[in-house]
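Participant: have a look; sequence and predicted model below, questions after that.
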Amino acid sequence: MRGKYIEATEQYIDKAEKLMEGYQTLSEIEEIDVATSPKEEVWRDGKIVLYKYKRERPATVSTPLLITYALVNRQDMMDLQPDRSLIRKFIDLGLEIYMIDWGYVTRADRYTSMDDYINHYLGSCVDYVRQAHQLDKINLLGVCQGGTFSVIYTSLYPEKIKNLITMVAPIDFSPNDGLLFRWARDMDVDALVDNSGGIISGDFLNAGFDMLKPLAKMRKYTNLADMMDSKNKLLNFLRMEKWVADSPDQAGECFRQFIKEFYQENRLVEGNFKLNGEAVLLKNITMPLLNIYAAADHIVPPACTIPLEKHVSSKDVQTYEFPGGHIGVFVGSRSQKELSPTIVDWLKKRDQ
């Protein structure tokens, strides 16, 4: 018994010493930088901005890649820090990269719809890149909800997209694998949107995501003491926390449509979804498709992503399993070593 007491005391002292070192480390950190890859604004419509990332050498893939992220959270996750950045890796491997920044909504944007986001904003960005490079078609990469948007856009305008890549994108909303999907089916989304003044708080959504795995957040903070003596580890932690905290509010009308027509009615794969009165048919997607899912994803489970291959008409389809979670796709070491080169090699083979 005395030995266990001594061991516990030593562990306590060790934790206390690390915390003291951590306070010193924190005092040395002046700023927490995220998304530091050089870029320039090339197009804007109100709050929506299109960025082009700067390159030191010409791209080795002739067709540019436009990336569209989800409305939830910020696209900075794809460029979190220099050594954990899909963007930097893409640039190093020869891609010309454009990225849509959806901005921060206010009450003035509460009636912004999926039609606005997909047909107008995403469509305008696609047309800008096409015109800037004098191309009929460009490559499109959609991430999470941005992947759903990209699939919808591509099904409506297949003549503008050369190669389509989807990453952890929800497509089939019928599986019961994810707690988020079960919750959304029972959500009174009309009451939620109407009683919130037409804007869904980013903090509210983050609280919901935390509830999907409540113990994971507890473990994250209890493990914080173990990294306090390392400035690099602490910076990694703080960058992630800054990204999580920087969660934009959502336009109520788009949120309402997305929950009702997809989570609750699964209209996309059922074939009865319309955007601005026009039928969205996944069979219209005929170009090469790379569909990436994360094996341990608890936000967009594999069963929601994999079925895309069954609904498109593309003959060239690759469904790629990433052995990690939803966030690991962007910042995990395997993302840098394996996933980024896989995406670039896939595009290079179809760059004709």
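Facilitator: Yes, it's here.

Participant: give me the secondary structure label for Ile100.
Facilitator: Of the three states, Ile100 takes strand according to DSSP: H, G, I helix; E, B strand; the rest coil.

Participant: likewise for the one 3 residues further on?
Facilitator: Under three-state DSSP, the three-state class of Gly103 is coil.

Participant: and the nearest residue to it once chain neighbours are set aside, how close does it get to Pro64?
Facilitator: The shortest distance from Gly103 to any non-neighbouring residue, by C-beta to C-beta, 6 or more residues apart in numbering, is to Lys47 (3.1 Å). All C-beta atoms are positioned from the backbone trio N, CA, C, and that covers glycine. Lys47 is 23 Å from Pro64, where distance means C-beta to C-beta, to the nearest Å.

Participant: so for those two, which residue has more residues nearby?
Facilitator: Between Lys47 and Pro64, Pro64 has the larger neighbour count (other C-beta atoms under 10 Å), namely 20 against 16.

Participant: check the residue nearest to Gly103 and give its pLDDT.
Facilitator: As predicted, Lys47 sits at a pLDDT of 95.

Participant: cool, and Met1?
Facilitator: On pLDDT, Met1 comes in at 53.

Participant: what separation do you get for the residue nearest to Gly103 and Tyr117?
Facilitator: 12 Å.

Participant: now Thr342. Nearest residue, chain neighbours left out?
Facilitator: Leaving aside its sequence neighbours, Thr342 sits nearest to Tyr320 (C-beta to C-beta, 6+ apart; 6.6 Å).

Participant: I meant to write Arg185 there.
Facilitator: Sequence neighbours aside, Gln264 is the residue nearest to Arg185 in space, at 5.5 Å (criterion: C-beta to C-beta, 6+ apart).

Participant: if I pick the one you found, what's in contact with it?
Facilitator: Gln264 is in contact with 173, 184-185, 187, 189, counting by C-beta atoms under 8 Å, 6 or more residues apart in numbering.

Participant: by pLDDT, give me the weakest of those residues.
Facilitator: Lowest pLDDT among the contacts of Gln264: Ala184, 85.

Participant: Gly208 versus that residue, what's the distance?
Facilitator: 10 Å.

Participant: Asn163 and Tyr51: what is the separation?
Facilitator: For Asn163, the distance to Tyr51 equals 21 Å [C-beta to C-beta].

Participant: with just CA atoms, put stretch 111-124 into CSV.
Facilitator: Only the C-alpha atoms of stretch 111-124 are listed here, as CSV (Å, rounded to 0.1, in the frame of the first residue of the first chain):
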residue,chain,number,x,y,z
TYR,A,111,-32.2,33.4,-46.0
THR,A,112,-29.1,32.2,-47.9
SER,A,113,-30.1,28.9,-49.4
MET,A,114,-28.3,25.9,-50.9
ASP,A,115,-29.1,27.3,-54.3
ASP,A,116,-27.2,30.4,-53.4
TYR,A,117,-24.2,28.5,-52.1
ILE,A,118,-24.0,25.9,-54.9
ASN,A,119,-25.4,27.5,-58.1
HIS,A,120,-24.2,31.1,-57.4
TYR,A,121,-21.2,31.0,-55.2
LEU,A,122,-19.6,27.7,-56.0
GLY,A,123,-20.7,28.1,-59.6
SER,A,124,-19.1,31.5,-59.9
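
Participant: from Leu71, how far out is Asp186?
Facilitator: 22 Å.

Participant: okay, these two: which has more neighbours?
Facilitator: Using other C-beta under 10 Å as the criterion, Asp186 and Leu71 rank with Leu71 on top: 26 against 8.

Participant: tell me the SS of the more buried one?
Facilitator: Under three-state DSSP, Leu71 comes out as coil.

Participant: residue contacts, it?
Facilitator: Leu71 neighbours (C-beta under 8 Å, 6+ apart): 102, 117, 145-146, 248, 250-251, 254.

Participant: buried residues in stretch 295-308?
Facilitator: Residues of stretch 295-308 classed as buried: 297-308 (neighbour count, 16 or more other C-beta atoms under 10 Å).

Participant: widest-spaced pair of those?
Facilitator: By the measure C-beta to C-beta, His298 and Leu308 form the most distant pair in the buried residues of stretch 295-308, at 19.2 Å.

Participant: quick one: the helices in the stretch 101-250 of the chain?
Facilitator: Remark: helices assigned in the stretch 101-250 of the chain by DSSP state H, counting those that start in this stretch are 114-115, 123-132, 145-156, 179-185, 189-195, 202-212, 214-222, 231-245.

Participant: most tightly packed of the ones you listed?
Facilitator: Stretch with highest mean neighbour count among the helices of the stretch 101-250 of the chain: helix 145-156 (a mean of 25; mean count of other C-beta atoms under 10 Å).

Participant: can you classify the residue nearest to Thr342 as helix, strand or coil?
Facilitator: Tyr320 - assigned by three-state DSSP - is strand.

Participant: my guess is it contacts Ala294. True?
Facilitator: No. At 10.0 Å, Tyr320 does not count as touching Ala294 under the criterion of C-beta atoms under 8 Å.

Participant: these two: which has the busier surroundings?
Facilitator: A direct count of neighbours by other C-beta under 10 Å for Tyr320 and Ala294 places Ala294 higher, at 26 against 15.

Participant: the more buried one touches Gly328, doesn't it?
Facilitator: Yes. Taking C-beta under 8 Å as the definition, Ala294 is a contact partner of Gly328 at 6.6 Å.

Participant: about what we covered before: which residues do Lys47 and Tyr117 both contact?
Facilitator: Trp102.

Participant: give me the mean pLDDT for stretch 156-164.
Facilitator: pLDDT averaged over stretch 156-164 gives 98.
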